[in-house]
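Asker: Please work out how this folds:
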Amino acid sequence: MLEGSRGCVSELPPTFKSTKLDDVCRQNKNPPLCLKTLASDPKFRNATLSDLAEIGFQTAGLDAVKIQRKFLSLLNSPTLGSKLRAIYAECEKLYVDASAKLVAANNDFRGR
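Answerer: Numbering: from 1, shown residues only. Model prediction:
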């Protein structure tokens, strides 16, 4: 059982209590989020360690795209002030960059 994540682990169905998953997430800065993220993918049950890494890259990439799109929609608000517009534009750019870097990292990982 992961220290500090008992609630998360106990909320997972018994079939999700994978030793492999526990071992991977124990090394993460946020074990409950790691468990929730990796266990949310249906491929997780039969995943190798490489598969778990790819699930993590894909999930993080999809989340980055969702957040980037949210900032883009906020930028389209006609009542948005210039200060917030500049902040949202910078955030949107950072999430575009993050998405691209996650894709590149996943490609590099798969190519090793």
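Asker: what residue ranges in the chain score low on pLDDT?
Answerer: Scanning the chain for pLDDT under 70 picks out 1-19.
Asker: what's the single longest helix in it?
Answerer: Secondary structure assigned by DSSP state H gives helix 82-111 as the longest helix of the chain.
Asker: all strands of this structure, in order?
Answerer: Taking DSSP state E as the criterion, the chain contains no strands.
Asker: those helices in it, which residues are they?
Answerer: Taking DSSP H as the criterion, the chain carries its helices at 6-11, 19-26, 31-39, 49-75, 82-111.
Asker: on that earlier part again, buried ones in the longest helix of the chain?
Answerer: Using 16 or more other CB atoms under 10 Å as the test for burial, helix 82-111 gives Tyr88, Cys91, Glu92, Tyr95, Ala98, Ser99, Leu102, Asn106. C-betas here are computed from N, CA, C, even on glycine.
Asker: In terms of secondary structure, what does that helix contact?
Answerer: helix 49-75 (3 or more CB pairs under 8 Å, 6 or more residues apart in numbering; DSSP states H and E).
Asker: Tell me the buried residues in the helix it packs on?
Answerer: Buried-residue list, helix 49-75, by 16+ other CB under 10 Å: 52-57, 59-61, 64-65, 67-68, 71, 74.
Asker: how about the nearest residue to Leu102 once chain neighbours are set aside, what does it touch?
Answerer: Spatial nearest neighbour of Leu102, chain neighbours left out: Gly61 (4.1 Å); criterion: CB to CB, 6 or more residues apart in numbering. Counting by CB atoms under 8 Å, 6 or more residues apart in numbering, Gly61 touches Ser99, Leu102, Val103, Asn106.
Asker: before we move on, what about Leu72?
Answerer: By CB under 8 Å, 6+ apart, the contact list for Leu72 reads Glu92.
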